[in-house]
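Undergrad: fold the following.
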Amino acid sequence: MNLNLEGKRALVTGSSAGLGEATAKLLAAEGATVVIHGRDKDRTERVAAGIRQAGGTVTTVLGDLATDEGAAAVARAATTDGPVDILVNNAGFYRHLSWAEASPAEWTDTYNVNVVSGVRMIRHLVPAMRERGWGRVITIGGGLASQPMNTHPQYNATLAARHNLAVSLARDLKGTGVTSNVVSPGAILVEATKELVTGIGPSRGWGETWEEIQPNAVEALIPNDRGRFGKPDEIAAAVAYLCSDYAEYVSGATIRVDGGLIRSAF
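TA: Just a heads-up that it's a prediction; the model follows:
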């Protein structure tokens, strides 16, 4: 399929690694001009260099979205060479904490980074999309929004907020030509995930090699219909679809890409 992204400009927040990197690379391969965002210059430039080498068009912006000033600076830099048509709110973080360990300050910090940062970018970039009569806002959520774990509760709650704000935004964008949707990943095999699982695998009796560890880790941690971890490119593909003309009739939706980890029919 031709996603018809030529001439579109996409800002992917937190795209110097992981899901954001995979998403930026796919959007560039589909013809969009991509703005890579990160806080580390070397990592951000590395991703941009790879896209250029593959024939894509890319620029970079650095900045901390957790402050009003930082987000405003990122928005200004991202629009220097043209308006942003596609905003992928991907940036976020969490710490593995128990209820006892997650202090109120930790909750506040996580909410600011994972939720308010995205709101900042929406406020900076979506008004111009409205004026032009076309735009796409894709929020990266997660299955823990609807099926939370007993650990890192501060992160679970922010995912629920991300899902909620994306649907609220969709209702506000009625009739504008701009859509807002959610891509909800399951457990995706980014480098940090693989390091964590291989680190704890032997002590939990899952095996010694990755081939031994993966199926046992999946069964113990994330039992799903596909029997494996997801791949970053599979999340990127869902984002690319929502950016395209094929998703013109999709509004306020959540696309789960989790192998069937979430057991709800709705």
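Undergrad: for the rest of this, base every contact and every neighbour count on C-alpha atoms.
TA: OK.
Undergrad: any idea which residue sits dead centre in this structure?
TA: Centroid-nearest residue in the chain: residue 90, 3.0 Å away (criterion: CA atoms, centre = their mean).
Undergrad: I figured that residue hits residue 14, correct?
TA: Yes. Counting by CA atoms under 8 Å, residue 90 does reach residue 14; the two are 5.8 Å apart.
Undergrad: how close does the residue nearest to the centre of the chain get to residue 82?
TA: 21 Å (CA to CA, to the nearest Å).
Undergrad: what's the answer for residue 89, then?
TA: Using CA to CA, one gets 19 Å for the distance from residue 89 to residue 82.
Undergrad: for residue 56, give me its contacts.
TA: Listed by CA atoms under 8 Å, 6 or more residues apart in numbering, the contact set of residue 56 reads 28-29, 31, 33.
Undergrad: and with 10 Å instead?
TA: 25-34, 48-50 (CA atoms under 10 Å, 6 or more residues apart in numbering).
Undergrad: go on, residue 239?
TA: Contacts of residue 239 by CA under 10 Å, 6+ apart are 23-24, 26-27, 88, 136-140, 181-184, 233, 255.
Undergrad: what do residue 90 and residue 14 both touch?
TA: 20-21.
Undergrad: the residue nearest to the centre of the chain reaches residue 36, doesn't it?
TA: No. Counting by CA atoms under 10 Å, residue 36 is not a contact partner of residue 90; they are 11.4 Å apart.
Undergrad: shared neighbours, the two?
TA: By CA under 10 Å, 6+ apart, the residues touching both residue 90 and residue 36 are 11-15, 20-21.
Undergrad: farthest pair in those?
TA: In those, two members sit farther apart than any others by CA to CA. They are 11 and 21, at 11.3 Å.
Undergrad: tell me the residues that contact both of those two, please.
TA: Common contact partners of residue 11 and residue 21 (CA under 10 Å, 6+ apart): 36-37, 90.
Undergrad: looking at residue 11 and residue 21, which one has more neighbours?
TA: Using other CA atoms under 10 Å as the criterion, residue 11 and residue 21 rank with residue 11 on top: 33 against 24.
Undergrad: and that one, that's in a helix?
TA: No. Read with DSSP: H, G, I helix; E, B strand; the rest coil, residue 11 is strand and lies in no helix.
Undergrad: which ones are touching it?
TA: With contacts defined as CA under 10 Å, 6+ apart, residue 11 is in contact with 20, 24, 32-37, 58-61, 74-75, 78-79, 83-90, 121, 125, 137.
Undergrad: for the record, mean pLDDT for stretch 205-223?
TA: Averaging pLDDT along stretch 205-223 gives 95.
Undergrad: residue contacts, the closest residue to residue 144 other than its chain neighbours?
TA: Computed as CA to CA, 6 or more residues apart in numbering, the closest residue to residue 144 that is not its neighbour in sequence is residue 156, at 5.3 Å. For residue 156, the contacting residues are 94, 141-150, by CA under 10 Å, 6+ apart.
Undergrad: residue 71 and residue 39 touch, don't they?
TA: No. Counting by CA under 10 Å, residue 71 stays clear of residue 39, with 11.6 Å between them.
Undergrad: quick one: common contacting residues for the two?
TA: Common contact partners of residue 71 and residue 39 (CA under 10 Å, 6+ apart): 62-65.
Undergrad: closest to residue 166 out of the contacts of residue 56?
TA: Taking CA to CA as the measure, residue 166 sits nearest to residue 27 out of the contacts of residue 56, at 20.6 Å.
Undergrad: could the shared contacts of residue 11 and residue 21 go into CSV alongside pLDDT?
TA: CSV is the format used below for the shared contacts of residue 11 and residue 21 (pLDDT from 0 to 100):
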residue, pLDDT
36, 98
37, 98
90, 98
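Undergrad: so which of those sit within strands?
TA: Per DSSP state E, strands hold the following members of the shared contacts of residue 11 and residue 21: 36-37.
Undergrad: now the shared contacts of residue 11 and residue 21 in JSON lines, with distance to residue 215?
TA: Listed next are the shared contacts of residue 11 and residue 21 as JSON lines, based on distance: CA to CA, whole Å:
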{"residue": "36", "distance to residue 215": "34"}
{"residue": "37", "distance to residue 215": "34"}
{"residue": "90", "distance to residue 215": "28"}
